[in-house]
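*Asks:* have a look; sequence and predicted model below, questions after that.
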Amino acid sequence: MSTKPISITLPEELLERISAEVESGQFASVSEFIRHSVRLALEPKPVVAQSVELQDLTIGQPADNTWLTGKVQRGQQLGGKLGFPTLNLDPTLLPATVSHGVYAAQVEYNDQIHAAAAHFGPRKTLGEWRPTLEFHLLDFDQHIPGALIRFRLLDQIRTTLRFDSLDALKKQLGDDITKVRKLFS
């Protein structure tokens, strides 16, 4: 797809809203915000949420909750250093309608479905603003870069946040994992 620059004039209140979104860390730049907004406008509107039974568990989830497939990429190993190793995937695998946040998820690898916590969005605590897609599989300790996996996001637990320290991030990750375990227990 080819692109060309355009020039537009926007109302002051819209410019203030865009600036607030960028300053909050939700988007890395005004351009990223505009690209995201255009993708959202062009995407079909999501159907109202429904419930699905999953191992005696009802989780609210998007009606279009299809399995997606991706190849595990090598990450920076920070999750492992914090005690929460992750499988890293290309974040562009997700539709533009998916909000940044932490999710209860499922990952299928070697014909087994694993409960997982997923993070989609920028790693704000590290000062990074490009979105990442990472999965921490519960009770899974294999290192599988290059493997092909299937995954789906279920329930959003929280939005992405910026923490003052890696210790504060580690504590929140522990809380997130506890919430995911409760959902799947």
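*Replies:* Arrived safely. Numbers count the residues shown, from 1 in each chain.
*Asks:* who does the helix ranked longest in the chain touch, helix- and strand-wise?
*Replies:* What stands out as the longest helix in the chain, according to DSSP state H, is helix 166-184. Identification of packing neighbours for helix 166-184 by 3 or more C-beta pairs under 8 Å, 6 or more residues apart in numbering; DSSP states H and E yields strand 57-61, strand 101-109, strand 112-122, strand 148-158. No exception for glycine: its C-beta is placed from N, CA and C like everyone else's.
*Asks:* and these: which comes nearest D141?
*Replies:* Nearest to D141, of all the helices and strands packed on helix 166-184, is strand 112-122, at 11.2 Å by C-beta to C-beta.
*Asks:* now the closest one: how far from the chain's centre is it?
*Replies:* Computed by C-alpha atoms, centre = their mean, to the nearest Å, the chain-centroid distance of strand 112-122 equals 8 Å.
*Asks:* residues of that strand that come out buried?
*Replies:* Buried residues in strand 112-122, counted by 16 or more other C-beta atoms under 10 Å: 114-122.
*Asks:* and for stretch 75-84?
*Replies:* Buried residues in stretch 75-84, counted by 16+ other C-beta under 10 Å: 75, 78-79, 82, 84.
*Asks:* can you list contacts of that stretch?
*Replies:* Identification of contacts with stretch 75-84 by C-beta atoms under 8 Å, 6 or more residues apart in numbering yields 85-86, 88, 126, 134, 136, 166, 169-170, 173, 177.
*Asks:* so the residue nearest to the spatial centre of the chain bridges to which residues?
*Replies:* When C-alpha atoms, centre = their mean is applied to the chain, the residue found nearest the centroid is F120 (1.6 Å). Using DSSP bridges, the bridge partners assigned to F120 are G101, L133.
*Asks:* list the residues that contact it.
*Replies:* For F120, the contact set (C-beta under 8 Å, 6+ apart) comprises 91, 94, 98, 100-101, 103, 131-134, 153.
*Asks:* hang on, the earlier thing: going by distance to I8, which of the buried residues of strand 112-122 wins?
*Replies:* Distance to I8 across the buried residues of strand 112-122 (C-beta to C-beta) is lowest for P122, with 25.5 Å.
*Asks:* how is the closest residue to that closest one other than its chain neighbours assigned, secondary-structure-wise?
*Replies:* In space, and not counting its chain neighbours, P122 is closest to W129: 4.7 Å by C-beta to C-beta, 6 or more residues apart in numbering. Judged by DSSP: H, G, I helix; E, B strand; the rest coil, the three-state class of W129 is coil.
*Asks:* still on that earlier bit, which pair in the contacts of stretch 75-84 spans the largest distance?
*Replies:* Using C-beta to C-beta, the pair of these lying farthest apart is L126 and I177, separated by 19.2 Å.
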